[in-house]
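Student: structure, please.
(one chain, ligands or ions: 1)
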Amino acid sequence: MKRNRLTRQSNYIKNPSDTNAWNIKHRYIACLILLSIIIFFLAYSSSPKLQDDTLQTQVVELPVLLENSGHKSISSHGPLASESDFRGPSSITLKSIFVKKANDAKDNGQDIFTGLLKASRHSFLSWDEVEVRPGDNLSLIFPRVGLSAKDVYLVTRLDKKALGPLLHLKPGQILHFGTLIKKDGSISLEALKVALNPIETFHVRKVEQVYQAETIKLAVDLRQKQITGKIDSSLFEAGLTAGLTDKVVMEMAHIFGWDIDFALDLRKGDHFKLIINEVFVNGTKIDDGNILAADFTNRGKTFRAIRFVDSKNRGRYYSPEGDSMRKTFNRTPVPLSRISSRFNPNRKHPILKTNRPHRGVDYAARRGTPILATGDGKVQFIGTKGGYGKTVILSHGGKYTTLYAHMSRYKKGVSSGKRVKQGQIIGYIGSTGLATGPHLHYEFRVNGTHRNPLTVKLPKAEPLPKRYHAEFKAQATPLITQLDILVDTTLAQGE
Ligand SMILES: [Zn+2]
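Tutor: Numbering: from 1, shown residues only. The predicted model follows:
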């Protein structure tokens with residue numbers, strides 16, 4: 001369990017040795033005088049607006065200050081708040097000065113604070129949940145739990161980087177507010193939590209009157225699982241039968257997408273073997289991890305891929321020999337679809353009925369099916385283009401361009417000049433322009449000349465760098481052994 005770092009208290013806790021013998025009354029008066037001096041000092045010192053705000057808070061929260069100083073003096077050990085302790089100390093910025101002086105002067109006076117301390121210890125936070133709506137930001141959300149613009153201001157004084165998750169809230173996220181009702185009836189924000197994913201939670205907590213943020217990560221347990229499957233009608237159905245999530249099926253299609261055209265080449269009886277990671281937290285599976293190793297046998301030919309994570313923490317798939325599984329281009333932009341029309345320079349156009357060459361490949365799929373960029377590139381054109389309807393053209397550095405037509409809509413964020421990654425969604429299947437039904441018309445051009453996307457020779461991606469060979473071998477060997485054993489299991493099941 002993480003502990004927060006309260007460093008300021010150590011000064012006075014470690015030196016409680018002053019044996020001066022003032023009585024309680026004296027001490028109380030001394031406190032009041034000292035406080036008055038400090039308030040006077042602050043009120044007339046330099047900085048304008050910000051200082052005024054601080055001053056207000058200090059006056060209002062004086063009783064809390066006393067509780068806390070007492071609390072700390074008595075429990076004179078270690079850091080105060082643990083990760084799970086959301087009754088964060090409510091103190092004021094003045095506190096360290098005040099407590100230190102008082103402590104230097106006198107230590108017996110602790111008793112005064114004990115009663116207040118007890119009250120403080122039993123005041124638990126009340127928690128409220130707020131769901132983020134589209135277009136929300138902190139200024140809109142805070143008032144829903146009774147917090148003010150000033151609270152927003154105080155929280156956002158954290159530096160931008162630390163505040164990240166709160167600046168990029170997504171609709172549907174749940175914010176948990178831990179608040180205290182102060183003696184004047186106003187509400188004080190003590191803690192704020194938002195789950196970023198099943199593993200990470202972003203915490204903001206008030207410590208010493210200042211908000212601190214951290215991301216708490218649950219301990220994750222990765223467990224390997226072996227899965228085999230056989231294609232009967234479609235890859236997705238086979239995945240479902242084998243107990244795979246869509247995510248894993250998509251990843252498998254992606255890994256082998258350069259060697260196998262899942263729209264064209266898939267046959268009944270094709271089969272696959274996977275070793276995947278499953279992600280567990282506290283004994284419960286919360287997600288599928290990456291595919292670690294996989295075999296896919298297509299029409300009798302087996303392809304094998306092993307995942308390798310390099311020193312920059314990038315995971316890539318290689319053949320057991322260290323050749324990249326990827327090529328610079330994917331063969332198909334819609335992995336799970338059916339080819340409805342092929343590249344044909346002498347075709348009659350189905351709508352225009354004139355002799356018009358078909359200079360691309362058509363992939364029929366349900367409206368809304370994602371269309372993936374076949375290679376890394378840059379958006380050269382996005383917009384409506386005559387009979388093509390909604391169209392995206394990507395340029396892939398140098399001589400290659402690809403074109404995607406008849407989209408129903410573009411993927412949000414894809415715009416002219418933007419970079420896209422291979423496999424990234426750029427739009428969705430539709431039938432805009434001259435189209436008989438929902439499909440993607442896909443073109444592949446080399447130096448401006450249309451080439452058949454299904455047969456054009458695609459440039460290969462870089463193999464595994466030599467310096468990684470030994471490490472790759474060490475990672476790959478046990479996985480390869482497991483895959484080999486799995487082959488035997490599959491054969492046994494088939495007999
Ligand atoms: Zn077409």
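Student: which residues does the residue of the stretch 101-250 of the chain found nearest the ion contact?
Tutor: Closest approach between the stretch 101-250 of the chain and the ion, counting by C-beta to the ion: Ser234, at 22.9 Å. For the C-beta atoms, the positions are set from N, CA and C on the backbone; glycine is no exception. The contact partners of Ser234, by C-beta atoms under 8 Å, 6 or more residues apart in numbering, come to Leu266, Leu336.
Student: now with 6 Å?
Tutor: Contact analysis of Ser234 by C-beta atoms under 6 Å, 6 or more residues apart in numbering lists nothing.
Student: any idea how far it lies from Gln380?
Tutor: Ser234 sits at a distance of 34 Å from Gln380 (criterion: C-beta to C-beta, to the nearest Å).
Student: ditto for Val152
Tutor: 42 Å.
Student: who has more neighbours out of those two?
Tutor: Val152 (19 against 15; other C-beta atoms under 10 Å).
Student: quick check: buried residues in the helix or strand harbouring that one?
Tutor: Following DSSP states H and E, one finds Val152 within helix 149-155. Of the residues in helix 149-155, Asp151, Val152, Leu154, Val155 count as buried by neighbour count, 16 or more other C-beta atoms under 10 Å.
Student: not counting its neighbours along the chain, what's nearest the residue of the stretch 201-350 of the chain at minimum distance from the ion?
Tutor: Nearest to the ion in the stretch 201-350 of the chain, going by C-beta to the ion, is Ser341, at a distance of 5.5 Å. Spatial nearest neighbour of Ser341, chain neighbours left out: Asp362 (3.8 Å); criterion: C-beta to C-beta, 6 or more residues apart in numbering.
Student: re the thing from before, what's the burial count for the residue of the stretch 201-350 of the chain closest to the ion?
Tutor: 16.
Student: would you confirm that it contacts Ala364?
Tutor: No. Applying C-beta atoms under 6 Å as the test, Ser341 and Ala364 come out as separate, 8.5 Å apart.
Student: all strands of the stretch 51-200 of the chain, in order?
Tutor: Along the stretch 51-200 of the chain, the segments classed as strands by DSSP state E, counting those that start in this stretch run 126-131, 174-181, 187-195, 200-207.
Student: strands paired with the last one, and their directions?
Tutor: Sheet partners assigned to strand 200-207 using DSSP bridges are listed as strand 187-195 (antiparallel), strand 210-217 (antiparallel).
Student: same deal with the shortest one?
Tutor: Strand 126-131 has the following strand partners under DSSP bridges: strand 174-181 (antiparallel).
Student: alpha carbons of the partner strand, as CSV, please.
Tutor: Taking Å, rounded to 0.1, in the frame of the first residue of the first chain, the C-alpha atoms of strand 174-181 are listed here in CSV:
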residue,chain,number,x,y,z
ILE,A,174,-18.0,8.1,-12.8
LEU,A,175,-16.4,10.8,-10.6
HIS,A,176,-16.5,10.0,-6.8
PHE,A,177,-16.5,13.1,-4.6
GLY,A,178,-15.5,12.7,-1.0
THR,A,179,-16.7,15.8,0.9
LEU,A,180,-17.0,17.2,4.4
ILE,A,181,-19.6,19.7,5.6
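Student: mind listing what's buried along that strand?
Tutor: Buried residues in strand 174-181 (16+ other C-beta under 10 Å): Leu175, His176, Phe177, Gly178, Thr179, Leu180.
Student: do stretch 411-429 and the ion meet?
Tutor: No. Judged by C-beta under 5 Å from the ion, stretch 411-429 stays clear of the ion, getting no closer than 12.5 Å.
Student: would you indicate which residues of that stretch are buried?
Tutor: Quick answer for stretch 411-429 (16+ other C-beta under 10 Å): Lys411, Val414, Val420, Gln422, Gly423, Ile426, Gly427, Tyr428, Ile429.
Student: next: stretch 268-285.
Tutor: In stretch 268-285, counting by 16+ other C-beta under 10 Å, buried: Asp270, His271, Phe272, Lys273, Leu274, Ile275, Ile276, Asn277, Val279, Phe280.
Student: over to stretch 309-328?
Tutor: For stretch 309-328, a neighbour-count test (16+ other C-beta under 10 Å) marks Arg316, Tyr317, Tyr318, Ser319, Pro320, Gly322, Ser324, Met325, Arg326, Lys327, Thr328 as buried.
Student: residues in contact with the residue of the chain found nearest the ion?
Tutor: Distances between the chain and the ion by C-beta to the ion are smallest at His441, namely 3.3 Å. His441 is in contact with Gly360, Asp362, Ala405, His406, counting by C-beta under 6 Å, 6+ apart.
Student: kindly report the same for Val420.
Tutor: Val420 touches Ala373, Gly377, counting by C-beta under 6 Å, 6+ apart.
Student: what's the distance between the residue nearest to Arg144 when sequence neighbours are not counted and Glu214?
Tutor: Excluding the flanking residues, the one nearest Arg144 by C-beta to C-beta, 6+ apart is Val130, at 5.4 Å. Distance of Val130 to Glu214, computed by C-beta to C-beta: 21 Å.
Student: so where's the stretch 151-300 of the chain shaky on pLDDT?
Tutor: The stretch 151-300 of the chain contains no residues with pLDDT under 70.
Student: enumerate the residues of it near the ion.
Tutor: Residues of the stretch 151-300 of the chain lying near the ion (C-beta under 5 Å from the ion): none found.
Student: can you show me the helices along the stretch 151-300 of the chain?
Tutor: 160-167, 235-241, 246-256 (DSSP state H, counting those that start in this stretch).
Student: in the shortest one, what's buried?
Tutor: Applying a neighbour-count criterion of 16+ other C-beta under 10 Å, one finds Leu235, Ala238, Gly239 buried in helix 235-241.
Student: just stretch 178-195 next, same as before
Tutor: Neighbour-count burial for stretch 178-195 [16+ other C-beta under 10 Å]: Gly178, Thr179, Leu180, Ile187, Ser188, Leu189, Glu190, Ala191, Leu192, Lys193, Val194.
Student: give me the distance between the two termini of that stretch.
Tutor: End-to-end distance for stretch 178-195, by C-alpha to C-alpha, to the nearest Å: 14 Å.
Student: give me the residues contacting that stretch.
Tutor: Contacts for stretch 178-195 (C-beta under 6 Å, 6+ apart): 86, 88, 125-127, 146-147, 151, 173, 175-177, 201-206.
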